[in-house]
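Asker: okay, structure incoming, though there's no sequence with it:
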């Protein structure tokens, strides 16, 4: 569940492939230490309330910082804004090309 939440939030978007592998390896142990109550509730009821969702989010953010310290988790909205700015800059650059 924590991995799905991390993917949905865009937390993993900026990570390079080797860091993703390390993230997946460290996530289970981190959740057992940082959000054991969330794991128990999910296993027993199949539900996740806001407080436990936050605990899982905090734990995944901690693992993110551990596997790639120089990378700031920005989230999907920020990543999309950056991608759109890059696309717009490229489109603007096309207009500056000189004809043959």
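Answerer: Thanks, I have the structure now. From a predicted model like this one, the values you see are computed outputs, not experimental measurements.

Asker: tell me the confidence at the spatially closest residue to residue 3 that is not a sequence neighbour?
Answerer: The shortest distance from residue 3 to any non-neighbouring residue, by C-beta to C-beta, 6 or more residues apart in numbering, is to residue 27 (6.3 Å). For every residue, glycine as well, the C-beta is placed using N, CA and C. Listed pLDDT for residue 27 reads 85.

Asker: so residue 13, which of the three states?
Answerer: With DSSP: H, G, I helix; E, B strand; the rest coil as the basis, residue 13 sits in coil.

Asker: got the phi and psi for it?
Answerer: When read as degrees, to the nearest 10, the backbone of residue 13 gives phi -50, psi -50.

Asker: show the pLDDT at it.
Answerer: If you check residue 13, the pLDDT there is 79.

Asker: circling back: contacting residues around the residue nearest to residue 3?
Answerer: 2, 3, 6, 59, 60, 63 (C-beta atoms under 8 Å, 6 or more residues apart in numbering).

Asker: same thing but 10 Å
Answerer: The contact partners of residue 27, taken as C-beta atoms under 10 Å, 6 or more residues apart in numbering, are 2, 3, 6, 56, 59, 60, 62, 63, 64, 67.

Asker: which SSE is it in?
Answerer: Taking DSSP states H and E as the criterion, residue 27 maps to helix 17-34.

Asker: for that helix, list every residue counted as buried.
Answerer: By neighbour count on 16 or more other C-beta atoms under 10 Å, the buried set for helix 17-34 is 19, 23, 27, 30, 31, 34.

Asker: just after that helix, pick out the following helix or strand.
Answerer: helix 36-45.

Asker: which helices and strands sit right next to that following helix?
Answerer: When contacts are defined as 3 or more C-beta pairs under 10 Å, 6 or more residues apart in numbering; DSSP states H and E, helix 36-45 packs onto helix 2-9, helix 17-34, helix 50-67.

Asker: fine by me, we can end here.
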